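**Q** the amino acid sequence is not available; the structure is as follows:
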């Protein structure tokens, strides 16, 4: 898809290696895993919780120009859903090519119904627009 994926955590590179070697859910991971032991990146993205000394689970989609396109922050005990992340990623790619369209929450892939030229006239009529 022409993207770079990097996970960042406060774990050391040795902990990342142990996770990748021992955790079967990570057996096929092919993306880079970066270490933010001091929490500098977590602070930069606003996910560091000084009260507990940990970083919350943040997911950020950043375009090639460095613009933040999507952000999601979960507390420590809530996992992320790769299917929903991929939906958001594809939606951001889609609207970058078609800026006069909006991908609704149930949009999954190119060809799915979008909202074209949304504005004040569509307020209260989204359901009808998606059905029509």
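**A** Good, I have the coordinates. Everything numeric in this text was worked out from a predicted model, so none of it was measured. Residues are numbered from 1 along each chain as shown.
**Q** in this protein, which ranges drop under the pLDDT threshold?
**A** 1-2 (pLDDT under 70).
**Q** all helices of it, in order?
**A** 13-22, 40-44, 82-97, 126-131 (DSSP state H).
**Q** in a markdown table, list the ones you listed along with distance to residue 112 and mean neighbour count.
**A** Any C-beta I mention is one placed from the backbone N, CA and C, and that applies to glycine too. What follows is these, written out as a markdown table (distance: least, CB to CB, whole Å; neighbours: other CB atoms under 10 Å):
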| stretch | distance to residue 112 | mean neighbour count |
| --- | --- | --- |
| helix 13-22 | 35 | 12 |
| helix 40-44 | 34 | 14 |
| helix 82-97 | 9 | 15 |
| helix 126-131 | 10 | 11 |
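**Q** these: which one's closest to residue 64?
**A** Evaluated over those, closeness to residue 64 peaks at helix 82-97, with 10.2 Å, by CB to CB.
**Q** please state the offset of the closest one from the chain centre?
**A** 9 Å (CA atoms, centre = their mean, to the nearest Å).
**Q** likewise for stretch 53-70?
**A** With CA atoms, centre = their mean, you get 7 Å for stretch 53-70.
**Q** now what about it, what contacts it?
**A** 9-10, 36, 39, 42, 45-49, 71-76, 78-80, 85, 88-89, 92, 96 (CB atoms under 8 Å, 6 or more residues apart in numbering).
**Q** recalculate using a threshold of 7 Å.
**A** 10, 39, 42, 45, 47-49, 71-76, 78, 80, 85, 88-89, 92 (CB atoms under 7 Å, 6 or more residues apart in numbering).
**Q** same thing with stretch 80-95?
**A** With CB under 7 Å, 6+ apart, stretch 80-95 has contacts from 57, 59, 61, 69-70, 74, 101-103, 107-110.
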